[in-house]
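Visitor: missing the sequence, but the structure's below:
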C-alpha cells in the first residue's frame, strides 16, 4: 500500500485498485525503461505524469492510458556493465549515462537494507559530487527523488539517485559557489531580484543566442556574480526560519513563473526552466519533513540559487503581476469553485509538465492562501496557453526562448476562438 507523506496534497479519489495499478506501472517502467529517453539526456517522465494524476483521483484505466502514451518514446533499460557500481568505485562513473542501470541497481539494493534518510545523508548531502548534481538536469533528480519520498516508494528514490549520479554537475557551480555563503541580515528574495535587475554587470553575462544558458553563463563568471546576491538570502536551521523561508521561496517562485508576460500581449508564456523550479518546489516541504534542519537549509538555499540562475539567464525579465491578476481565462472555470477545473486538468492533460505545475499551484494555495490570486490565475493561464488539455485551443508549449529579451515576443500563433 502506498504511504502518503502528510506534507503534500490529499484528495479523495485514489482507490485500492488505482494504488495497485500505480505500483504495477512504476515497477513495469523500472524493469523495462531507461531513465533517459534519448542521447541528449532527456528524462523519462512516466512517473512524473502518473503520480499527479493518481493523486487527484485518476482511475486505473486513465493511469494505463498515460503509461501507454508516455512509454512510446522511452528507450529500453540497459544491461549492467561487467564491472558494475559498488561503494568503492561509486564516484568513478558519475555523469556517465550509460551507467544508469548500474547506479539504479546499486541504490535499489542499498535501500532494501538501509533507511532512506541514511542513504540521502551519505550519498547526497555528504557526497559533494552528488549534491552538485541534484539540481542539475533542470532539477529532475531532485524531482524524481521527491516523488519517491512523497509516497515512500524506494524504487523511485533509487531511480532518482541513479539519475543524479548520471547527470552533469554544472548547476552545482551556481549553488555550491564559494561566494554563496551566509552573510549578515537576510534580504528578501524580491529585494535581491530587484538589485540583480539593476546591476548592469549581468548584461554581458547572458545572451539571447546562448545554446546552453546555464553553462555559457558560468563560463563568463556568472556563478560568482550571482552568488554575491544569492548569498544575501540567509536560512537558519531552525523550524521557524525554515518555514518562513519556505514561504518566501514559494512566493518568489510563483511570481517568477506566472508574471513574466507584459501587459498588451495577447498570449501568456511560461519559461521551461523556471517551470521546473515551480514543479520542484512541490517537494520542498516533503524533503524538509524528513531531513535534518541543516540539510533543509541547504536545500532551500540551493533551490533559490537555481531559480535565480534560471531567471537571470532568461534575461532578467520584469514582473507584470497586475497583468496576471486581471487575467480572464478562456476556458471557463467551474462557477462554484474555480479550482475544480484545475484539478480536472491535472487528471486529463496529456502534458506531464502541466500536471506537475498545476499540482504545485494547488499545494501553494492550500499552504499559503490565494496570495491575491497568484496561484489560481497562474493555473488558469497555464491551462489556456500551454498545449495539453483536451479541448484547449492553445497552440504553443513551454517557452524555451528567453523572456527578458524582446526577440522572445515576436509574432506567434494565438488560440483560434472561432
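Guide: Perfect, I can see it now. The model shown is predicted, which means the values in this text are computed figures rather than measured ones.

Visitor: where exactly do the helices run in the stretch 101-250 of the chain?
Guide: Residue ranges of the helices in the stretch 101-250 of the chain, as given by DSSP state H, counting those that start in this stretch, are 116-120, 128-131, 140-151, 154-165, 172-175, 189-198, 213-219, 222-230, 239-258.

Visitor: Let me have those in TSV, extended by distance to residue 81.
Guide: Every C-beta, even on glycine, is put in place using the N, C-alpha and C of the backbone. What follows is the helices of the stretch 101-250 of the chain, written out as TSV (distance: least, Cβ to Cβ, whole Å):
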stretch	distance to residue 81
helix 116-120	22
helix 128-131	19
helix 140-151	21
helix 154-165	13
helix 172-175	25
helix 189-198	44
helix 213-219	28
helix 222-230	33
helix 239-258	39
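
Visitor: which stretch among these comes nearest residue 21?
Guide: helix 140-151 (13.6 Å; Cβ to Cβ).

Visitor: Next, report how far the closest one is displaced from the centre of its chain.
Guide: Put simply, helix 140-151 sits 10 Å off its chain's centre (Cα atoms, centre = their mean, to the nearest Å).

Visitor: where are the low-confidence patches of this protein?
Guide: Within the chain, the stretches with pLDDT under 70 are 1-7, 177-184, 410-418.

Visitor: hmm, try it at 90
Guide: For the chain, the stretches flagged by pLDDT under 90 are 1-13, 37-42, 176-186, 211, 264-267, 330-334, 369-371, 387-397, 400-401, 406-418.

Visitor: Per the annotation, how does it divide into domains?
Guide: 16-165, 176-418 (automatic domain parsing).

Visitor: Using a markdown table, lay out those together with mean neighbour count and distance to residue 9.
Guide: Below are the domains of the chain laid out as a markdown table (neighbours: other Cβ atoms under 10 Å; distance: least, Cβ to Cβ, whole Å):
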| stretch | mean neighbour count | distance to residue 9 |
| --- | --- | --- |
| domain 16-165 | 19 | 6 |
| domain 176-418 | 18 | 5 |
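
Visitor: nearest to residue 10, of those domains?
Guide: Distance to residue 10, taken as Cβ to Cβ, is lowest for domain 16-165 among the domains of the chain, at 8.3 Å.

Visitor: re earlier: who wins for proximity to residue 97 among the helices of the stretch 101-250 of the chain?
Guide: Ranking the helices of the stretch 101-250 of the chain by proximity to residue 97 (Cβ to Cβ) places helix 154-165 first, at 9.2 Å.

Visitor: Show me how far that closest one is from its chain's centre.
Guide: Relative to the chain's own centre, helix 154-165 is displaced by 15 Å; criterion: Cα atoms, centre = their mean.

Visitor: Going forward, count from 8.
Guide: Taking 8 as the first residue, the last one we looked at is helix 161-172.

Visitor: Tell me what angle it forms with helix 147-158.
Guide: Counting by axes from the mean of the first three to the mean of the last three Cα atoms, to 10 degrees, helix 161-172 lies at 160 degrees to helix 147-158.

Visitor: Can you give the contact residues for helix 161-172?
Guide: Residues outside helix 161-172 that contact it (Cβ atoms under 8 Å, 6 or more residues apart in numbering) are 33-34, 37, 42, 50, 54, 97, 100-101, 106-108, 110-111, 113-115, 117-119, 123, 126, 130-131, 137, 140-141, 144, 147-156.

Visitor: 7 Å - rerun?
Guide: Here helix 161-172 makes contact (Cβ atoms under 7 Å, 6 or more residues apart in numbering) with 33-34, 37, 42, 54, 101, 107, 110-111, 114-115, 118, 123, 130, 137, 140-141, 147-148, 151-152, 154-156.

Visitor: would TSV of the domains of the chain with distance to residue 17 be doable?
Guide: Below are the domains of the chain laid out as TSV (distance: least, Cβ to Cβ, whole Å):
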stretch	distance to residue 17
domain 23-172	8
domain 183-425	9
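
Visitor: coming back round to it: out of the helices of the stretch 108-257 of the chain, which is closest to residue 272?
Guide: Nearest to residue 272, of all these, is helix 246-265, at 13.6 Å by Cβ to Cβ.
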